[in-house]
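> just coords:
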């Protein structure tokens with residue numbers, strides 16, 4: 001990694017000693033959740049805010065600075081924004097796609113700033129659905145999933161920083177019991193919905209589909225979640241759709257076969273709808289049976305009197321989320337009625353996925369159908385001019401075909417285990 005402009009975190013002109021004891025250190029990404037959290041504190045408390053950011057690319061820096069400037073304008077002399085640059089030194093993106101150390105780096109920046117301002121707490125603001133991040137597929141499990149604000153992670157960071165400081169230190173998430181739709185509603189309630197289009201939720205701002213005027217790819221998991229939240233709260237009219245490179249409701253979000261993501265975005269969208277529809281219908285018993293393995297670490301550390309109470313509150317949160325996604329689907333259908341019901345649907349769009357009901361199909365079936373389609377198209381072409389000499393020759397062609405598509409298929413169907421094997425011809 002490199003720190004191109006700063007040697008010390010506090011050597012820039014933005015750092016100055018605290019002028020009041022009423023200070024809150026807020027981890028500020030420029031996303032919808034952290035911006036709404038900062039707004040909520042400014043509206044409903046007397047605290048001055050230190051917005052702590054770490055910057056990974058130029059676009060992120062611009063977003064954070066614009067939002068911080070707007071907050072400073074609205075809440076005069078109550079906001080101070082500190083940015084720390086840290087990113088990969090290579091021109092090309094790293095081959096390492098996991099997010100193993102993101103939470104540690106981010107919390108370390110916040111803790112250093114908190115200590116400089118004589119504070120004993122840092123605040124994250126992220127909705128509880130993303131914090132827990134139930135995996136719709138194995139694609140999101142382990143280190144590939146974001147765990148920045150997972151309750152177990154924040155609990156461990158609290159213990160670590162308490163040991164480092166030699167006294168009590170707290171790392172907490174102020175929005176754990178809220179969904180993203182709840183957070184959008186809170187932003188509106190606090191009179192700052194005009195800031196909505198200035199926030200950036202996209203996790204793929206490097207996506208080649210994004211043009212200069214666009215801040216969101218429109219097809220990553222964060223963009224999908226953001227747009228469903230806005231739709232479910234009835235604020236689609238407030239949304240600037242020009243910010244999105246793709247409108248996943250009606251656009252083909254996988255139009256380029258040379259795209260490094262292949263058809264991964266289609267899987268993301270199907271998984272998102274499938275998981276939400278599953279959660280909204282689960283009673284508390286089926287919810288616990290299905291997800292206890294994922295929730296054990298959560299139940300152990302969240303502040304509830306009993307494990308039963310924790311499961312009940314978590315069940316209520318996720319059912320609410322599922323219902324909000326359903327409300328988002330209905331809002332999209334009303335908003336896009338002419339295109340969704342009056343025109344042929346674009347492939348790989350939400351409109352097509354809803355019409356074919358693919359989200360009701362198990363992933364393994366979709367994978368099998370994809371393989372069958374590849375084979376039925378490719379094998380006749382391979383033997384167009386002559387018949388295969390034996391069964392093994394057909395097998396060899398199928399194996400070569402599947403190896404050629406292995407990376408694309410693993411991205412499109414990461415949750416289905418698959419292996420190639422040969423059989424002895426009869």
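Perfect, thanks for sending it. What you see is a predicted model; the values in this text were computed from it and never measured. Residues are numbered from 1 along each chain as shown.

> Report the separation between residue 242 and residue 215.
10 Å (Cβ to Cβ, to the nearest Å). For glycine as for every other residue, the C-beta is placed from the backbone atoms N, C-alpha and C.

> Which of the two has more residues huddled nearby?
residue 215 (24 against 12; other Cβ atoms under 10 Å).

> buried set for stretch 265-274?
265-274 (16 or more other Cβ atoms under 10 Å).

> Show me which helix runs longest in the protein.
With secondary structure taken from DSSP state H, the chain has its longest helix at helix 307-335.

> residues touching residue 65, list them.
81, 83 (Cβ atoms under 8 Å, 6 or more residues apart in numbering).

> quick revisit: which strands and helices lie in contact with the longest helix of the chain?
helix 128-132, helix 180-189, helix 221-232, helix 264-281, helix 284-301, helix 337-342 (3 or more Cβ pairs under 8 Å, 6 or more residues apart in numbering; DSSP states H and E).

> what about the first one, distance to the chain center?
Relative to the mean C-alpha coordinate of its chain, helix 128-132 is positioned 10 Å out (Cα atoms, centre = their mean, to the nearest Å).

> Beyond it, next helix or strand please.
Downstream of helix 128-132, the first helix or strand assigned by DSSP states H and E is helix 151-165.

> got a list of contacts for that following helix?
Applying Cβ under 8 Å, 6+ apart, the set of residues contacting helix 151-165 is 103-104, 107, 111, 115, 120, 124, 131-132, 147, 168-173, 176, 297-298, 300-302.

> roughly how far is that helix from the heart of the chain?
23 Å.

> How about stretch 390-402?
With Cα atoms, centre = their mean, you get 39 Å for stretch 390-402.

> tell me the phi and psi of residue 77?
Residue 77 adopts backbone torsions of phi 60, psi 20, taken as degrees, to the nearest 10.

> Now the nearest residue to it once chain neighbours are set aside: phi and psi?
Leaving aside its sequence neighbours, residue 77 sits nearest to residue 48 (Cβ to Cβ, 6 or more residues apart in numbering; 7.8 Å). Dihedral pair for residue 48: phi -80, psi 150, per degrees, to the nearest 10.

> swap in residue 215?
The phi/psi pair for residue 215 (degrees, to the nearest 10) is phi -110, psi -10.

> Sketch out the low-pLDDT regions of the stretch 201-350 of the chain for me.
Counting by pLDDT under 70, the stretch 201-350 of the chain contains low-confidence ranges at 206-212, 257-262.

> Recalculate using a threshold of 90.
203-214, 238, 254-267, 303-305, 342 (pLDDT under 90).

> quick one: the longest helix of the chain to chain centroid distance?
17 Å.

> in it, what's buried?
So, applying 16+ other Cβ under 10 Å, buried residues of helix 307-335: 310-311, 314-315, 317-329, 331-333.

> likewise stretch 76-88?
Per 16+ other Cβ under 10 Å, stretch 76-88 contains these buried residues: 78-87.

> With that, I have no additional questions.
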